[in-house]
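Colleague: any chance you could fold what I've pasted below:
(one chain, ligands or ions: 1)
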Amino acid sequence: MILVGQYDSPYVRRVAIALRELGFDYTHDTRSVFGDFEDMRKTNPLSRIPSLILDDGTTLIDSAAILDWLDEAVGEGRALLAAAGSERQRQLQVIALASGAIDKAGAAAYERIIRPERYRWPDWMARCRTQAAGALAALAAIDWADLRASYAPTHPPLHAEIITACLIRYVRMTDPALLEGSAHALLEGSAHASLIALSARLEARPAFIATCPPDVAYPKG
Ligand SMILES: N[C@@H](CCC(=O)N[C@@H](CS)C(=O)NCC(=O)O)C(=O)O
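Modeller: Just a heads-up that it's a prediction; the model follows:
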């Protein structure tokens, strides 16, 4: 299978990590959504990443849909998301907060990094950052040990944990002030210790090390 997209995208990275944690081999297609825009449209009409091209030629798009396929392929015992009930609901809530924070931190970063300076809208950037900060604060209040209490210690990280670690890495690359607490009143006296600890624990794993994006200004590709 072929994973399309660069690891500076937290959505690509969450898929790459899940593939590696579950023992799947893949070839990495590092075309850029910006530099290879037209060519990328042949893979995904939205010209977005990630895409996963399966061995039978099927192309899956969107990280959630790709990971849904992956969980079904490995079966309930190995899946990285609970199959049903309140546990699934809780994990999906965490994923929604983390992906929402990525979208909002990303929207502010795109505004700052891609949009020509004369067209930037400071109020919009501030709004996006407030939304990202709110989600980070909610994630910081999660009891991360409890979230995986029903899993064996050897069970790989859950999607909820993976995407949150990818979010933390992404925020460090794009807008570290959101984590330092200086950017927004919501984060004053920063309560991000649990997120920093989660990030440190997961970033030490081989699947995270192998997919760690280079420390350059986002978005590179
Ligand atoms: N909901 C999508 C979001 C994917 C996404 O936002 N990808 C970004 C890179 S992080 C992208 O392709 N941006 C280029 C664009 O939207 O034009 C997913 O989970 O895969």
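
Colleague: buried set for stretch 144-156?
Modeller: If you call a residue buried by 16 or more other CB atoms under 10 Å, then stretch 144-156 has these buried ones: Trp144, Leu147, Arg148, Pro156. C-beta coordinates here come from the backbone N, C-alpha and C atoms, glycine included.

Colleague: farthest pair in those residues?
Modeller: Trp144 and Pro156 (14.8 Å; CB to CB).

Colleague: in the helix-or-strand element of the chain with minimal mean pLDDT, what's buried?
Modeller: Least confident helix or strand of the chain, by mean pLDDT, DSSP states H and E, is helix 177-180 with a mean of 85. The neighbour-count check on helix 177-180 (16+ other CB under 10 Å) flags Leu178, Leu179 as buried.

Colleague: any idea which helix or strand comes after it?
Modeller: helix 193-203 (DSSP states H and E).

Colleague: for that next one, list the C-alpha coordinates in PDB.
Modeller: Taking Å, rounded to 0.1, in the frame of the first residue of the first chain, the C-alpha atoms of helix 193-203 are listed here in PDB:
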ATOM      1  CA  ALA A 193       1.300  19.000  31.900                       C
ATOM      2  CA  SER A 194      -0.800  15.900  31.100                       C
ATOM      3  CA  LEU A 195      -0.500  16.700  27.400                       C
ATOM      4  CA  ILE A 196       3.300  17.200  27.500                       C
ATOM      5  CA  ALA A 197       3.600  13.900  29.400                       C
ATOM      6  CA  LEU A 198       1.400  12.000  26.900                       C
ATOM      7  CA  SER A 199       3.500  13.500  24.100                       C
ATOM      8  CA  ALA A 200       6.800  12.600  25.700                       C
ATOM      9  CA  ARG A 201       5.600   9.000  26.400                       C
ATOM     10  CA  LEU A 202       4.400   8.400  22.800                       C
ATOM     11  CA  GLU A 203       7.100  10.300  20.900                       C
END
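
Colleague: and the protein, which residues reach the ligand?
Modeller: Neighbours of the ligand within the chain, by CB under 6 Å from any ligand atom: Ser9, Tyr11, Val33, Arg48, Ile49, Pro50, Asp62, Ser63, Ala64.
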